[in-house]
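Enquirer: My questions are about this predicted structure, shown below with the sequence.
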Amino acid sequence: MLTTIYACLFYGATAIFLAGMALRITRFARTPAPLKIPTMPAPTTSSGVAFRMLREVTVFHSLFRANKWIWVFAWVFHVALAVVLLRHLRYFLDPTPLPIVLVQPFGVLASFAMVAGLAGLWARRVVVERIRYITGPSDHLMLALLVAIGLSGMMMKFVAHTDIVALKQFFLGLMRFDPAPLPADPILLVHLGLVATLMIVFPFSKLVHAAGVFFSPSRNQVDDARERRHLAPWAAKLEADRAR
Amino acid sequence: MDAIAPNADLERPDPLEIPPLCPGAMEASKPWIASPDHQKALGFPGELVENWKEVAIAKMGELLEKNRALRVYLDSCVKCGACTDKCHYFLGTGDPKNMPVARQDLLRKVYRRHFTLAGKWFPSLVGAEDLTEAVIDDWYSYFHQCSQCRRCSVFCPYGIDTAEISMAGREILDAIGKGQKYCNEIIGKVHTIGNNLGLNKNALRSTLEGLEEDIEDDTGVPVKLPLDQKGADILLVTPSADFFAEPHVDGLIGYAKVFHAAGASWTISSYASEAANFGMFIGSYEQMRLIALRIREAALDLGVKRIVFGECGHAWRVAYSFLNTLAGPFDFLDPNYPVPQHICEYTWDLIEKGKLNFDKSKNDHIRLTYHDSCNVARATRMGDQPGGQFEIPRNILKSVCNYYFDMPADTIRDQTFCCGGGGGLLTDELMDLRKKGASPRMKALQTVADDHGVTHMAAICAICKTQFAKVMPTYGFERDGILSVHQLVSNAIILEIPETRDDDDD
Ligand code: SF4
Ligand code: SF4
């Protein structure tokens, strides 16, 4: 029964996450950018733009220039999250590839860093007047959700171990559409429930920034307006009225 | 610590100082509403339409389909707060709705309510709100407290550009019949007369002739300012302020002297006698395009080979970044030159080639700094290297002036502060906002005045020049402390005085 509920939950959450993000991304991609609006100085080649984008998504370059506190918390959180996600790949890959095996101890450290980063971001929402002003209930809820996911995960590592062999069988089975029994461990169930919630909420919330950043015209456009004529399809239609 | 730092004991102004929040402080700041005539001339409803709510939502939907930036920016903000202390209007007023993210939220909350699932189902959770009269009032007030300077975009981790949001906001306001008088009246003048000032062809001709006389009286050199000269090589498109006001007109004299020294054949067009394009300020692609097409027409009619733009910030944005899109392709012009070129690119090129001679001591009464105009700095380029828009004007200034000092690094180049009057806000009823918005720049100027005895600031934007001339006295500077870059060129340039021939008197 429990296994069925969670299997359905994860199938549903994955479907919503994938479909939702696909919808968002196609919307972003389909909507034309009528004008050249890169924030200057901008790269003059597409490889330059790729580098600019890489720098934004790996070291959060603009954020670094803006505010060192936000940068430190945000960067630590994101990098730690990435390591933690890598660590979790062991539940989905059999046999576990060597790099994922090697990342395991770092994943444990990263869980602390992740929660610390989140705590820092949360503290700023409360302490800094300007950020308190722009913070809404959903911003607190999102942080609460992420912190709860982190803490429940850490509890399974440090407080009450769960049967990770059975858990791996559950997920491997899930991917074969033949789920094995899920350990009925309350902390695990909470952890998994929260993760599924996050996946469902993702495409409908500010978390779409993960995709949005790649579509931001101020960051992804090449500075070549004088060399190449940039024309949106709807704008091209206006040209019918041109005498010459 | 640093014993030689002058005025080290004085309290130094900090341009980046963050004020305490004063909610509602600038709520009452609103520009005058466009009259029905000004509205209708641009194809907008004359006054607030009855079903304004439906019209506004429909317009928002249309813009979301047409402009990727709007959609991505409305969806992607994580409320990280990195932009909250980056806007000069926030720094100058403390009004939290002048924090870029809060300004965006004015539009975003309606977007969420009407266009997203989360906003339809859980409005209070995600800050979604219905479009009400109070929201429209806020839009009118706070989208006219954004000079579209893009400073926030530099610092946002996703490059979210609040200028795009306030442009969209103004476009929606125009669509429901609540346009802004200053911009819409001026755009009407461009369509009917050809420039923002409403200067007709005859007035323009006599102005230019007057300038020719002034220059000859002054220098003994017959420098020409040709108008509508068919077959000239270069079409100069410059903001109409250059034909009139100080210090703009001294810049125009500077361009003329440079063209003269280079032996160039050039002309101004009475049909496209305006570089400014206020279509950008109101966010209207269509208006911007119609204004830009006048330049294409003029270039074709006059048969020129090149187009050069005079000193104007947003005009250079429309020229550099948008002109090819709006009015291109320019395959009928000389392919050896970029289209269009900035007068600073033109002048610097001549300086590099050693074709201009200067007597720098002519500017020795001036200790100079340079204000990077926001549109030039963050929305355009000059030359072929990124950042040329910062280097080229400085290179020119250093070639014509012995005493040059930059303002603090975090207030110049791509981190420059707006003058406080850009984006269609250069109107008297917004003077309070303009003065407050200028404060970060004025504080930065104060630091170089204290440290290096700087007396003057040069700029390449008509709006900046007008704004500074107006607000500098408030901050204890002379109103003529603001100069055109080409005014300094004009002061220092050495022109060959033609030999007077006796038979001239016959
Ligand atoms: S910096 Fe960008 S993401 Fe952060 S609050 Fe401002 S607009 Fe939103
Ligand atoms: S574009 Fe400039 S004026 Fe507008 S919100 Fe951003 S920083 Fe402020």
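Expert: The structure has been received and is ready for your questions. Ligands and ions are numbered 1, 2, ... in the order given.

Enquirer: Closest to the centroid, which residue in chain A?
Expert: In chain A, the residue lying closest to the centroid (CA atoms, centre = their mean) is A:A210, at 5.1 Å.

Enquirer: Is it within a helix or a strand, and which one?
Expert: In this assignment (DSSP states H and E), A:A210 forms part of helix A:209-215.

Enquirer: Just the residues contacting the following helix or strand past that helix, thanks.
Expert: Downstream of helix A:209-215, the next assigned helix or strand under DSSP H and E is helix A:217-220. For helix A:217-220, the external contacting residues (CB atoms under 8 Å, 6 or more residues apart in numbering or on different chains) are A:33, A:37-39, A:49, A:52-53, A:56, A:213-214, B:68-69, B:72, B:150, B:153, B:158-161. C-beta here means a position set from N, CA and C on the backbone, and glycine is covered the same way.

Enquirer: so for helix A:217-220, what's the average pLDDT?
Expert: On average, the pLDDT along helix A:217-220 is 98.

Enquirer: repeat for stretch B:113-127
Expert: 95.

Enquirer: Report the buried residues of it.
Expert: Using 16 or more other CB atoms under 10 Å in any protein chain shown as the test for burial, stretch B:113-127 gives B:R113, B:H114, B:F115, B:T116, B:A118, B:G119, B:P123, B:L125, B:V126, B:G127.

Enquirer: Would you confirm that the last one contacts B:R112?
Expert: Yes. With contacts counted by CB atoms under 8 Å, B:G127 reaches B:R112, the gap being 6.8 Å.

Enquirer: list residues touching both of the two?
Expert: By CB under 8 Å, 6+ apart, no residue touches both B:G127 and B:R112.

Enquirer: Which ones, among the contacts of helix A:217-220, also lie beside ligand 1?
Expert: Counting by CB under 6 Å from any ligand atom, B:Y158, B:I160 from the contacts of helix A:217-220 sit close to ligand 1.

Enquirer: Which of the contacts of helix A:217-220 are buried, as a ChimeraX select command?
Expert: Typed into ChimeraX, the line below selects the buried ones among those, using 16+ other CB under 10 Å:
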select /A:33,37,38,39,49,52,53,56,213,214 /B:68,69,72,150,153,158,159,160,161
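
Enquirer: and B:L483, bridged to which residues?
Expert: B:A458 (DSSP bridges).

Enquirer: What is the burial count for it?
Expert: Per other CB atoms under 10 Å in any protein chain shown, the neighbour tally for B:L483 reads 25.

Enquirer: Would you mind measuring from it to B:V49?
Expert: 46 Å (CB to CB, to the nearest Å).

Enquirer: do B:R317 as well
Expert: 31 Å.

Enquirer: Which one's more surrounded, the two?
Expert: Taking neighbours as other CB under 10 Å, B:R317 and B:V49 compare with B:R317 leading, 27 against 16.

Enquirer: Wait, that one touches B:A377, no?
Expert: No. Shown here, B:R317 and B:A377 do not form a contact pair, counting by CB under 8 Å, at 10.1 Å.

Enquirer: neighbours of residue 95, just the number please.
Expert: I went with chain A, as the question did not name one. A:P95 has 8 nearby residues by other CB under 10 Å.

Enquirer: that answer is for a different chain, and I need it for chain B
Expert: Residues near B:D95, counting by other CB under 10 Å: 25.

Enquirer: ok, now which ones touch residue 46?
Expert: Looking at chain A here, since you left the chain open. Counted by CB under 8 Å, 6+ apart, A:S46 has contacts A:V222.

Enquirer: That was the other one, I meant chain B.
Expert: Counting by CB under 8 Å, 6+ apart, B:G46 has contacts B:P36, B:D37, B:Q39, B:K40, B:G177.

Enquirer: Quick one: name the residues of the stretch 351-500 of chain B near ligand 2.
Expert: Counting by CB under 6 Å from any ligand atom, no residue of the stretch 351-500 of chain B is near ligand 2.

Enquirer: In the stretch 401-506 of chain B, what residue lies closest to ligand 2?
Expert: Closest residue of the stretch 401-506 of chain B to ligand 2, CB to the nearest ligand atom: B:C418 (6.0 Å).

Enquirer: With adjacent residues omitted, what lies nearest to that residue?
Expert: Nearest non-adjacent residue to B:C418, counting by CB to CB, 6 or more residues apart in numbering or on different chains: B:C149, 3.9 Å away.

Enquirer: any idea whether the one you found is helix, strand or coil?
Expert: The local conformation at B:C149, judged by DSSP: H, G, I helix; E, B strand; the rest coil, is coil.

Enquirer: What pLDDT is listed against it?
Expert: 98.

Enquirer: can I assume B:T447 is in contact with B:T369?
Expert: No. Counting by CB under 8 Å, B:T447 does not reach B:T369; the two are 9.8 Å apart.

Enquirer: Tell me the residues that contact both of these two, please.
Expert: Joint contacts of B:T447 and B:T369 (CB under 8 Å, 6+ apart) are B:M407.

Enquirer: The two - which one has more neighbours?
Expert: B:T369 (23 against 20).

Enquirer: hang on, that one is in a strand, isn't it?
Expert: Yes. Residue state for B:T369 (three-state DSSP) corresponds to a strand.

Enquirer: now it: how far from ligand 2?
Expert: 21 Å (CB to the nearest ligand atom, to the nearest Å).

Enquirer: Contacts only, for that residue.
Expert: Counted by CB under 8 Å, 6+ apart, B:T369 has contacts B:Y404, B:F405, B:D406, B:M407, B:L445, B:V448, B:V454, B:H456, B:M457, B:A458.

Enquirer: repeat that with 10 Å
Expert: Contact analysis of B:T369 by CB atoms under 10 Å, 6 or more residues apart in numbering or on different chains lists B:397, B:403-407, B:412, B:444-445, B:447-449, B:452, B:454-458, B:481.

Enquirer: Which of those fall in helices?
Expert: If you go by DSSP state H, the contacts of B:T369 have B:L397, B:A444, B:L445, B:T447, B:V448, B:A449, B:H452 in helices.

Enquirer: show me where the stretch 101-250 of chain B has helices.
Expert: B:117-121, B:123-126, B:133-142, B:151-155, B:162-175, B:181-192, B:201-219, B:248-262 (DSSP state H, counting those that start in this stretch).

Enquirer: All good on my end, thank you.
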